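Visitor: generate coordinates for the sequence data below:
(chains A and B)
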Amino acid sequence: MAISSTIKEELAQRPDVVALACMDTRSGLVLGMEVRDEGERDNVEFATVSATQLCAAPPSDDDVEEPVDESFVVSQRWVHAYARVPSDRDLVLLGMAPGNANVALFRDWLKHVAERVGPDR
Amino acid sequence: MAVREGELKSTFELCTLVDELGVFATGEIAMNGTDGEKGAVFIERGRICWAAAKGLARRLTELLASPTGLALTDMGSHFQACKDARRPLGEYLVAKNVLSAEEFRQALLQHALESLEVLLGRGARYAFRAHGRGGFDPRFTFSSIEVASNLGAKKHWAAVAKLSPILATLFDGEGEWGAAFVRTPQLAFPEPIAAFGSDVPSTRELLRLGKWAASALDVTGAFTDREAMLTLSSPTGPASLVAFRDGETFVAGATGIHGPARILNARAKERRHGGPRDASL
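Guide: As a prediction, the model looks like this:
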């Protein structure tokens, strides 16, 4: 399914989620972004383009960053979670939820969305 | 026979060298400056045992006398007694209950750090010679990480006092470790000031992870709260890498699969009890 429509559809079903976006870490392009609170758009965009660095293991001695399947950033106010798309590991999905969200459930849901994104982009 | 030679500018380079020599390395790292011999660092089974620098001959005696309150003249009689018994002074004092093993250990570590300051620097050359002689009591030897982090701890003791219990609480599981770092304008990399856990990596690896954490937390700070915790699933196993700030310091470490949830739970509890910030656990 197309990325934009998938994330729009998934976000519509989760009123507790603030934003969903998808980044192609190879090209550096943001392929889709849905934000419920327009005031957070800049932060969501910044978090999305940070996927290249934040969803990768620390660089090795020869500066190679290995992609990781998922990562998350949790503060008192926000949970930002990243999940790689299994069918195209260059793609990373970002989800953003309020800080009181259940982090484990939110990550599980984001992985489910990541499984829906990819093949037909 | 010299098996390895080169320049050693800093304690971090020395600690990296000790790691590279391996866990079975025993021998002497002889140090030379532009004006000749400066002293030596002794290692046994990959641990730093003793550092001796020209001009610091009496320093250990002073450090040993300090916690005991003994006058240096009294130390002289102990020195003679242990010479007669052919035992190292510190070990003799511990055996005679003049000072505790921990006091002796701290004095030795302080002496090593002060000696390294004299031994290392621009133009300081080393030659490592392996030999089979040993005999240092393992209780009074130091891992490279212990030396590297204590170098920073001496300068940032208040931060260490605050962070040590946090590290001990958060990274107490098997295979877990955590380290605290500060950034200073003098160094090109974050300086470790404390390390805790059962599986702390090598100095080189620790400095690499410190650099990664500093950079990643700069990125997260641009779109979320400063005290946010970053967690990465490890590509090689069930462990997670975590990083978060605490004031001017930051922490990076590895936890088990449930580690991040445990940390988040501790933070939530702290907030419920009116804690000032996320990282002040």
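Visitor: touching stretch A:13-21 from outside, list them.
Guide: Applying C-beta atoms under 8 Å, 6 or more residues apart in numbering or on different chains, the contact partners of stretch A:13-21 are A:7, A:10-11, A:30, A:32-37, A:40, A:44-45, A:47-48, A:78, A:93-98, A:101, A:106, A:109, A:113. (Glycine included, C-beta is placed from N, CA and C.)
Visitor: which residues are contacting stretch B:117-133?
Guide: In contact with stretch B:117-133 (C-beta under 8 Å, 6+ apart) are residues B:1-11, B:13-14, B:17, B:21, B:25-34, B:38-39, B:41, B:51, B:53-56.
Visitor: hang on, the earlier thing: got a ChimeraX select line for the buried ones in the contacts of stretch A:13-21?
Guide: In ChimeraX, this line selects whichever of the contacts of stretch A:13-21 come out buried by 16 or more other C-beta atoms under 10 Å in any protein chain shown:
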select /A:7,10,11,30,32,33,34,35,36,40,44,45,47,48,78,93,94,95,96,97,101,106,109,113
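Visitor: among the contacts of stretch A:13-21, which ones are in helices?
Guide: Secondary structure from DSSP state H places A:7, A:10-11, A:44-45, A:47-48, A:106, A:109, A:113 of these in helices.
Visitor: farthest-separated two in those residues?
Guide: A:Glu45 and A:Trp109 (21.4 Å; C-beta to C-beta).
Visitor: quick test: name the residue nearest the centre of the chain.
Guide: Because you didn't say which chain, this covers chain A. Nearest residue to the geometric centre of chain A (C-alpha atoms, centre = their mean): A:Leu94, 1.2 Å.
Visitor: list the beta-bridge partners for that residue.
Guide: A:Ala21, A:Tyr82 (DSSP bridges).
Visitor: show me where pLDDT drops low in the chain?
Guide: Just so you know, I chose chain A. Residue ranges of chain A with pLDDT under 70: A:1, A:118-121.
Visitor: wrong one, chain B
Guide: B:1-2, B:72-73, B:235-238, B:274-281.
Visitor: close to chain A: what parts of it are there?
Guide: Counting by C-beta under 8 Å from any C-beta of the partner chain, chain B comes close to chain A at B:204, B:208-209, B:211-213, B:215-216, B:219-220, B:222-225, B:227-235, B:241, B:260-261, B:264, B:267, B:271, B:278.
Visitor: so which of these are in strands?
Guide: B:229-233, B:241 (DSSP state E).
Visitor: out of the residues you listed, which are buried?
Guide: Among those, those that count as buried by neighbour count (16+ other C-beta under 10 Å) are B:229-233, B:241.
Visitor: farthest pair in those?
Guide: Pairwise distances among those were taken by C-beta to C-beta; the largest, 13.9 Å, belongs to B:Met229 and B:Ser233.
Visitor: how about the nearest residue to residue 106, chain neighbours excluded?
Guide: Let's take chain A. A:Ala97 (5.1 Å; C-beta to C-beta, 6 or more residues apart in numbering or on different chains).
Visitor: I was after chain B.
Guide: B:Pro67 (7.7 Å).
Visitor: can I assume that neighbour sits in a strand?
Guide: No - per DSSP: H, G, I helix; E, B strand; the rest coil, B:Pro67 lies outside any strand segment and is helix.
Visitor: just checking, it touches B:Leu99?
Guide: Yes - judged on C-beta atoms under 8 Å, B:Pro67 makes contact with B:Leu99 at a distance of 5.7 Å.
Visitor: flag every residue of chain A that's near chain B.
Guide: Contact residues (C-beta under 8 Å from any C-beta) of chain A with chain B: A:43-44, A:46-47, A:50, A:53-55, A:57-59, A:61, A:66-78, A:80, A:103-104.
Visitor: now with 6 Å, please.
Guide: A:43, A:46-47, A:50, A:53, A:57-58, A:66, A:68-78 (C-beta under 6 Å from any C-beta of the partner chain).
Visitor: now the buried members of those.
Guide: A:43, A:47, A:50, A:53, A:57-58, A:68-75, A:78.
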